[in-house]
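>>> take this sequence and fold it.
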Amino acid sequence: MTKRRSLIPTLETLEGRDCPSVDAFVVGHTLVVRGDDADNTVTITDDGLGAVSADIDGTTVDGTDIRRINVQTRDGNDTVTYTASASLSASRNLGIDLGKGDDTFTMDAASGITSGSLNVSLHGHQGDNTATITLGTIDEGARALLQLHGGNGDDDFSATFDGELNGKLALDMHGGSGSDTLAGDITVAEGSTGKLAAFIQGGSGSDDLTLNVNDGTATTGETSLEFFRAMIQGGSGNNTVTSTDNVTVKGKK
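Model prediction:
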């Protein structure tokens, strides 16, 4: 007679395979910060020379010779803060994707730009988002491009420049859908010789649009900047528009 052996199944414990829900790392000259579906807090500090540190909910990373900073916070009501502790003297590309949720972005570059370029691309997507941008003096040969795009919610965006403009400054602000509050406040110091292009556009909602350009070079009524263009373009809603006399206003009010 052949005896059959019975097999008793057992479970083997495997090593952990857990992955962090948030992450921050450096690849080459790029610093990357990734959030999750929770309410993330991101803090980025830039010394202006390329040394950048970032923290997201206690996860930190430091990098040198950083040229690009990419932030993706995904869902949740997130807060992102970028601070340049000194004048930027190396080019920086800053990409901020806030994802879903009621998010807040703050950028403090009041120390200005000595050389190179600062390119900021902000996308709000869904939710009622808030963005506050502060920028100082831009030296000859330097430039700043600020592209701020809202999403489907009621966004509140503001951008402020105050200082000498001997390089280039371009502001491009779009509200998207929703009833948005968009404001540009630009103060150009006397003696500046650079280039300025500022554009604020509403969307499909009833927006509050403001663009004030205090041109200190226009002591005789005409600007002394090499290039000057400032415009508000109303969207399809019933908008409220506030501007200085040197700003062209088009579209519905």
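>>> dump the residue contacts of Leu49.
Residues counted as contacts of Leu49 (CB atoms under 8 Å, 6 or more residues apart in numbering) are Ala86, Ser89, Ala90. Every C-beta, even on glycine, is put in place using the N, C-alpha and C of the backbone.
>>> over to Glu222?
Residues touching Glu222, when contacts are defined by CB under 8 Å, 6+ apart, are absent altogether.
>>> any idea how far it lies from Ile186?
Applying CB to CB, to the nearest Å, one obtains 17 Å for the distance of Glu222 from Ile186.
>>> follow-up on the earlier one: of the contacts of Leu49, grab the buried ones for PyMOL.
Provided next is the PyMOL selection string for whichever of the contacts of Leu49 are buried by 16 or more other CB atoms under 10 Å:
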select buried, resi 90
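>>> in a markdown table: the contacts of Leu49, plus pLDDT and distance to Thr242.
Output for those, formatted as a markdown table (pLDDT from 0 to 100; distance: CB to CB, whole Å):
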| residue | pLDDT | distance to Thr242 |
| --- | --- | --- |
| Ala86 | 97 | 34 |
| Ser89 | 96 | 35 |
| Ala90 | 92 | 36 |
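>>> and which of the contacts of Leu49 is nearest Thr130?
Of all these, Thr130 sits closest to Ala86, with 25.8 Å by CB to CB.
>>> would you mind naming the helix or strand containing that closest one?
Under the criterion of DSSP states H and E, Ala86 resides outside all helices and strands.
>>> got the contact list for it?
The contact partners of Ala86, by CB under 8 Å, 6+ apart, come to Asp47, Gly48, Leu49, Ser111.
>>> got it, and Ser204?
For Ser204, the set of contacting residues under the criterion of CB under 8 Å, 6+ apart consists of Ser177, Gly178, Gly235, Ser236, Gly237.
>>> check the secondary structure at the third one for me.
To tie it back to what came earlier, the one meant is Gly235. In three-state terms, and counting by DSSP: H, G, I helix; E, B strand; the rest coil, Gly235 is coil.
>>> tell me which of the contacts of Ala86 is nearest to Ser158?
Sorting the contacts of Ala86 by how near they are to Ser158, with CB to CB, puts Ser111 at the top with 18.8 Å.
>>> state the pLDDT value of the closest one.
For Ser111, the pLDDT comes out at 97.
>>> give the burial count for the nearest residue to it once chain neighbours are set aside, as a bare number.
Using CB to CB, 6 or more residues apart in numbering and skipping the chain neighbours, the partner closest in space to Ser111 is Ser87 (4.4 Å). Burial measure for Ser87: 19 neighbouring residues, criterion other CB atoms under 10 Å.
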